[in-house]
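[1] Generate a structure from the sequence data that follows.
(2 chains)
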Amino acid sequence: MDEEPLVIGTCKLTSRLIIGTGGAANLAVLERALVASGTELTTVAMRRADAEGGSGVLELLRRLGIELLPNTAGCRTAAEAVLTAQLAREALGTDLVKLEVHADDRTLLPDPFETLDAAERLAADGFTVFAYTNDDPVLALRLEEAGCAAVMPLGAPIGTGLGIRNPHNIELIVSRAGVPVILDAGIGTASDATLAMELGCDAVLLSTAVTRATDPERMAAAMRSAVVAGHLARSAGRVPQRFWAQASSPPR
Amino acid sequence: MEIKLNGKWTEFPDGATVADVLDASGGQRPGIAVAVDGVVVRRSDWPTTAVPKGAGVDVLTAVQGG
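    Modelled structure (predicted):
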């Protein structure tokens, strides 16, 4: 079934599954998972380079023809996030950035104030900002007003695999958003990704659920199907839920 | 002079440029970016940008993550 591509800034995606590269045991495992996922956009982190050279992840993504989405993971303030984004743009030659400013190490929840501040500065500086945010419908609107190209509410804290804890908030965000909504963080298994799409999200971003699965390649294939299924179901228009039974066979 | 290269104090000749610092620590390779005292130095400016004494120089690259 032909589907409209998802357009975010200069980015045109046929696959609605965005993968994070963190957590994979090695590059060979990561490569098999990325190929099985069908992803066209994948996150990388920016870290201090040692003299021995890079980790090889850049070469892998270039070879697979996957576009880079550098993140600002590890930043605690807007200033740090802005500098990290600028360094990523210089190092990788992309205006895309996944903005994430974490409040603390135990929850890794986004700091709303620093995130909004950084979003305004990065959008003004010409970045295509994908903003990682809480599942807060008000903040999602504020980030859109700040110039973000996509808002990325969490389903649950990063790496927890707890799924979508507040589906109604995700629906509220989707119902009012004028930019694409990408469910980011908290996905544990395929049904979580399907639910995100059924709630109306435009895409799903996940990392741990695939890279730390017992069989990452197999889970990547599951996630690929899950996202397609949820997207099709959303656009197909589900039946209303009913209290009483409704016969699906003709009466005798 | 000493500069703080990726968090570690390191000795360089006075007047060393960003390019000099990189040449002595892994090279001017693709996929890296440099900030001096928290300000990005564009690749085209590496050969002409002198690193001030005591400056913090950060060299970043992309790794697996998030």
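
[2] need the residues of chain B near chain A, please.
    By C-beta under 8 Å from any C-beta of the partner chain, the part of chain B that sits against chain A consists of B:6-7, B:25-26, B:29, B:31-35, B:38, B:40, B:42-43, B:58-66. C-beta here means a position set from N, CA and C on the backbone, and glycine is covered the same way.

[3] Now, of those, which are buried?
    Buried members of the residues of chain B next to chain A, scored by 16 or more other C-beta atoms under 10 Å in any protein chain shown, are B:6, B:25-26, B:31-35, B:40, B:43, B:58-66.

[4] Isn't A:V204 up against A:I182?
    Yes - if you go by C-beta atoms under 8 Å, A:V204 and A:I182 touch, sitting 6.8 Å apart.

[5] what about A:L87, how many neighbours?
    A:L87 has 24 neighbours, counted by other C-beta atoms under 10 Å in any protein chain shown.

[6] Outside of the strand or helix carrying it itself, which residues are in contact with it?
    Assigned by DSSP states H and E, A:L87 belongs to helix A:78-92. Identification of contacts with helix A:78-92 by C-beta atoms under 8 Å, 6 or more residues apart in numbering or on different chains yields A:44, A:46, A:58, A:68, A:70, A:72, A:74-75, A:94-95, A:97, A:99-101, A:114-115, A:117-118, A:121-122, A:125, A:127, B:31-35, B:38, B:40, B:42-43, B:58, B:60-62.

[7] Can you show me the CA trace of that helix as PDB?
    Output of helix A:78-92 as PDB, limited to C-alpha atoms (Å, rounded to 0.1, in the frame of the first residue of the first chain):
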ATOM      1  CA  ALA A  78      20.400  24.800  27.200                       C
ATOM      2  CA  ALA A  79      23.900  26.200  26.600                       C
ATOM      3  CA  GLU A  80      25.500  22.800  26.600                       C
ATOM      4  CA  ALA A  81      22.900  21.500  24.200                       C
ATOM      5  CA  VAL A  82      23.300  24.400  21.800                       C
ATOM      6  CA  LEU A  83      27.100  23.900  21.700                       C
ATOM      7  CA  THR A  84      26.700  20.200  21.200                       C
ATOM      8  CA  ALA A  85      24.300  20.800  18.300                       C
ATOM      9  CA  GLN A  86      26.700  23.300  16.700                       C
ATOM     10  CA  LEU A  87      29.500  20.800  17.000                       C
ATOM     11  CA  ALA A  88      27.400  18.100  15.500                       C
ATOM     12  CA  ARG A  89      26.500  20.300  12.500                       C
ATOM     13  CA  GLU A  90      30.200  21.100  12.000                       C
ATOM     14  CA  ALA A  91      31.300  17.500  12.400                       C
ATOM     15  CA  LEU A  92      28.600  15.800  10.400                       C
END
